[in-house]
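Participant: kindly return the folded structure for what I paste below:
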Amino acid sequence: MPETLANKDNRTYAAAHFALELDTGGNVGLFRSIEGGGVKADVMTYQTGGAHTQFRQLGKPKFDDLKLQVGMAMSLPFYTWISRFFTGTPDTRSGAIVAADFYYNERARRTFKGAVIKEVGFPKLDASDKSAVYMSVGIAVEDMQFAVGSGAKLSQLTGMPEQKLWTACNFRVSLSGFDTSRVNKVDAITCKQNVIEHHVGGSRQPFKMMSYVERPMISFYLPEADAKAYYARATDGAIAGKPAITHGAIEYLDAKGNRLAEVAFMNADIHSVTPDRHDATTEEIRQVKVDLYCEQFGFSYGEIGLGDLQ
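Facilitator: Just a heads-up that it's a prediction; the model follows:
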């Protein structure tokens, strides 16, 4: 039976081809997955006097947060947006999520406005783990519109080889005044901020604005043979109460040792050093877990990191 034009337009398609567009211009690069962006509304119920009948209508719309998993193959404007998130610089964006079929023809489009970054998460690092890792980004939006795709071809994005370069085993930790050459693990780091909703007059959608960014603790692991200086600092700080401020960075590297990105932390200090459990049945190298607090975070993309500017 010949396929009609209507049937051809309505054919199902896989979800493997998609793109993210920002108002900075065109596609911003490759990302692993994206979810969220649904729309819903509260149901408002009214009852008059002693009547048994209830009247219902829809209230203000709500839009689910977008959740992205990205590697290191996005474009510079996207990483600049993340960098401004850490500095607390207000930066709202507009854009679209584009879904395409097997032939990269655009089939659906979700256009959003007033987007602000709500959360950025960095993956757990392990020197013995060679699997690919991804950064998670949560985005809150003010408005979302759904539309049928134009049928145009998605641009073939560059950066696929670079996307595979970010693995859990390639990293470097630095901490001023301490030996970190044998750090072998770093726990996942997630920075969050509260998004303030501001309702105005008869506007159905509230305006969303940035609030303060919550700075998490940083935890990394190293052999107990290298922990003498860490124990000494934890004793001076926690027991003797002697203040000491330091700074450092976590560098994410490719397989050749080139820096892909960096998370710098400033005004930090060691607040805990925890040794491994003693166990007569294990032959693993004894390690200690070092916990840091910090007052400021910074993110930079590429070879020049914030640690180089200190």
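Participant: please count neighbours and contacts with C-alpha atoms only from this point.
Facilitator: OK.
Participant: just for the stretch 1-150 of the chain, where's the confidence low?
Facilitator: Counting by pLDDT under 70, the stretch 1-150 of the chain has low-confidence residues at 1-9, 15, 24-30.
Participant: can you show me the strands along it?
Facilitator: 17-22, 29-35, 39-47, 54-63, 66-74, 93-100, 106-122, 125-126, 135-140, 143-148 (DSSP state E, counting those that start in this stretch).
Participant: in JSON lines: those, plus distance to residue 251 and mean neighbour count.
Facilitator: Formatted as JSON lines, these follow (distance: least, CA to CA, whole Å; neighbours: other CA atoms under 10 Å):
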{"stretch": "strand 17-22", "distance to residue 251": "26", "mean neighbour count": "20"}
{"stretch": "strand 29-35", "distance to residue 251": "20", "mean neighbour count": "18"}
{"stretch": "strand 39-47", "distance to residue 251": "38", "mean neighbour count": "11"}
{"stretch": "strand 54-63", "distance to residue 251": "35", "mean neighbour count": "13"}
{"stretch": "strand 66-74", "distance to residue 251": "13", "mean neighbour count": "21"}
{"stretch": "strand 93-100", "distance to residue 251": "27", "mean neighbour count": "20"}
{"stretch": "strand 106-122", "distance to residue 251": "11", "mean neighbour count": "20"}
{"stretch": "strand 125-126", "distance to residue 251": "11", "mean neighbour count": "21"}
{"stretch": "strand 135-140", "distance to residue 251": "14", "mean neighbour count": "20"}
{"stretch": "strand 143-148", "distance to residue 251": "36", "mean neighbour count": "15"}
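Participant: with distance to residue 86 added, can I get those in TSV?
Facilitator: Converted to TSV, the strands of the stretch 1-150 of the chain look like this (distance: least, CA to CA, whole Å):
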stretch	distance to residue 86
strand 17-22	19
strand 29-35	21
strand 39-47	28
strand 54-63	24
strand 66-74	17
strand 93-100	16
strand 106-122	9
strand 125-126	21
strand 135-140	13
strand 143-148	24
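Participant: any idea which of those gets closest to residue 222?
Facilitator: Nearest of the strands of the stretch 1-150 of the chain to residue 222, taken as CA to CA: strand 125-126 at 11.2 Å.
Participant: restrict the longest helix seen in the chain to CA atoms and write it as PDB.
Facilitator: In the chain, assigned by DSSP state H, the helix with the most residues is helix 76-87. The C-alpha coordinates for helix 76-87 follow below in PDB (Å, rounded to 0.1, in the frame of the first residue of the first chain):
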ATOM      1  CA  LEU A  76      32.300  27.500  24.800                       C
ATOM      2  CA  PRO A  77      29.100  29.600  25.300                       C
ATOM      3  CA  PHE A  78      27.600  26.700  27.200                       C
ATOM      4  CA  TYR A  79      30.600  26.400  29.500                       C
ATOM      5  CA  THR A  80      30.600  30.200  30.000                       C
ATOM      6  CA  TRP A  81      27.000  29.900  31.200                       C
ATOM      7  CA  ILE A  82      28.100  27.300  33.700                       C
ATOM      8  CA  SER A  83      31.000  29.500  34.800                       C
ATOM      9  CA  ARG A  84      28.700  32.400  35.500                       C
ATOM     10  CA  PHE A  85      26.500  30.100  37.600                       C
ATOM     11  CA  PHE A  86      29.400  29.600  40.000                       C
ATOM     12  CA  THR A  87      30.200  33.300  40.300                       C
END
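Participant: residues making contact with that helix?
Facilitator: Applying CA atoms under 8 Å, 6 or more residues apart in numbering, the contact partners of helix 76-87 are 24, 28, 90, 91, 117, 120, 213, 297, 298, 299, 300, 301.
Participant: any idea how far residue 168 is from residue 32?
Facilitator: Computed with CA to CA, to the nearest Å, the distance linking residue 32 and residue 168 is 16 Å.
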